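*Asks:* build the 3D model from these lines:
(one chain, ligands or ions: 1)
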Amino acid sequence: MVRLLHDKIAIVTGAGHGIGRGHALELAKHGAKVIVNDLGGSVDGGSSGSNRAAENVVGIIRDRGGVAIADFGDVGDEQQVDAMVQRAIDEFGRVDILVNNAGIVRDRAVWNMSVEDFDLVMRVHVRGTWLASRAVARYWRDRAKASEGTVFGRIVNTTSGSGLHGNFGQSNYSAAKSAIVGLTQTLSVELASIGVTANAISPGGRTRLSATRPGAKPVPEADEVEDDVFDPKDPTLSCPVVAWLASEQSQYLSGQVIRAIGENIELLRGWSPEASISNGGSRWDATRLGTLIATDLYRTRAAGLRLGG
Ligand SMILES: NC(=O)c1ccc[n+]([C@@H]2O[C@H](COP(=O)([O-])OP(=O)(O)OC[C@H]3O[C@@H](n4cnc5c(N)ncnc54)[C@H](O)[C@@H]3O)[C@@H](O)[C@H]2O)c1
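*Replies:* Numbers count the residues shown, from 1 in each chain. So this is what the prediction gives:
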């Protein structure tokens with residue numbers, strides 16, 4: 001088997017369960033030494049559980065002949081995140097890849113959502129992704145300065161359909177996942193000159209997180225998925241995409257969002273003008289805008305889209 005990540009050093013956050021567990025196993029399969037981060041929390045971030053989840057994944061990687069260590073840090077905590085990155089450097093001599101995956105949900109319609117529900121979701125997703133990205137960016141920038149050149153560095157962040165299109169009951173989560181796209185694009189711009197790329201994936205799959213609906217079935221973990229049976233809800237389907245984004249081969253791709261759900265991989269296009277009207281250098285008159293927008297602007301939109309319902 002061709003190994004895309006031979007001797008690369010990778011951190012995967014929230015790798016104790018679900019999609020992150022799949023990423024950690026996939027990166028290790030391709031030869032990366034993996035820091036398996038997970039604080040072992042509950043799906044809503046309300047309780048910090050045991051360290052067992054990260055340790056289990058480390059055990060699976062080692063049993064398969066790979067190299068991994070566990071890290072139990074909270075991605076929302078500055079000191080713990082800096083210590084996680086330092087642990088990788090102390091243990092393996094370098095960090096090459098950061099996969100920001102850790103996540104929680106606290107779904108409620110906006111009128112029922114508490115400030116705590118909002119803050120905690122933002123803390124894990126946005127602050128966590130930013131803190132870990134900052135820690136590796138500082139490290140890579142120092143190395144690039146010392147060598148007066150570029151370095152190998154990859155950041156892969158995690159957004160979601162909720163962040164890209166919105167979803168009922170997820171005003172906190174969709175705001176956080178949307179923020180991660182903006183953060184990814186800024187990281188790609190800021191780190192380009194030192195050779196580091198930053199991209200985001202929009203994954204899917206049946207996991208603890210998506211099984212919070214009443215009556216949802218128990219979910220298999222990444223190591224329990226059967227390789228020879230294709231299941232469109234398999235939480236590991238995006239993991240090969242992450243391995244490729246983490247590899248030397250993806251150097252030309254940065255600031256992109258890739259949706260990897262089921263059997264498809266889609267390169268998404270961000271917000272860009274779909275139609276426009278011009279005032280020819282004078283001020284707009286609000287009383288005339290209704291007609292202009294309904295006719296001229298909407299008429300120039302792609303076929304199939306209609307104004308209103
Ligand atoms: N499951 C889906 O359908 C889906 C869809 C789109 C995006 N995502 C995203 O994929 C990522 C993984 O979600 P999942 O579905 O595998 O959920 P999951 O609950 O199975 O895994 C998330 C992991 O993150 C860990 N975690 C939570 N808070 C943490 C913190 N502060 N520090 C360190 N670790 C922490 C949890 O302990 C857990 O092991 C999330 O970012 C999620 O938003 C999932």
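*Asks:* please name the nearest non-neighbouring residue to whatever residue of the chain ends up closest to the ligand.
*Replies:* Residue nearest to the ligand within the chain: residue 18 (2.2 Å; C-beta to the nearest ligand atom). Any C-beta I mention is one placed from the backbone N, CA and C, and that applies to glycine too. Nearest in space to residue 18, with sequence neighbours left out and distances taken as C-beta to C-beta, 6 or more residues apart in numbering, is residue 207 at 3.5 Å.
*Asks:* so for the one you found, what's the pLDDT?
*Replies:* pLDDT for residue 207: 91.
*Asks:* quick one: it from residue 269, how far?
*Replies:* 27 Å (C-beta to C-beta, to the nearest Å).
*Asks:* more neighbours: which of these two?
*Replies:* residue 207 (23 against 8; other C-beta atoms under 10 Å).
*Asks:* who touches the more buried one in this structure?
*Replies:* Neighbouring residues of residue 207 by C-beta atoms under 8 Å, 6 or more residues apart in numbering: 17, 18, 19, 219, 235.
*Asks:* at 6 Å instead, please
*Replies:* Applying C-beta atoms under 6 Å, 6 or more residues apart in numbering to residue 207 gives the contacts 18, 219, 235.
*Asks:* what's the local residue count around the spatially closest residue to residue 71 that is not a sequence neighbour?
*Replies:* Take residue 71 and drop its neighbours on the chain: the residue closest to it by C-beta to C-beta, 6+ apart is residue 37, 4.3 Å away. Neighbourhood size, residue 37 [other C-beta under 10 Å]: 34.
*Asks:* which residues does residue 37 contact?
*Replies:* By C-beta under 6 Å, 6+ apart, the neighbours of residue 37 are 13, 15, 71, 84.
*Asks:* for residue 259, see how far away the residue of the chain closest to the ligand is.
*Replies:* From residue 18 to residue 259 the distance is 17 Å (C-beta to C-beta).
*Asks:* settle it for me: which of these two has more neighbours?
*Replies:* Neighbour count, other C-beta under 10 Å: between residue 18 and residue 259, residue 18 has more, with 26 against 21.
*Asks:* I'd say that one and residue 235 touch.
*Replies:* Yes - with contact defined as C-beta atoms under 6 Å, residue 18 counts as touching residue 235 (5.4 Å).
*Asks:* how about the strands in this protein?
*Replies:* 9-12, 33-37, 68-71, 97-99, 153-158, 196-202, 257-261, 264-268 (DSSP state E).
*Asks:* so which elements touch the shortest one?
*Replies:* Helices and strands in packing contact with strand 97-99 are listed as strand 9-12, strand 153-158; criterion 3 or more C-beta pairs under 6 Å, 6 or more residues apart in numbering; DSSP states H and E.
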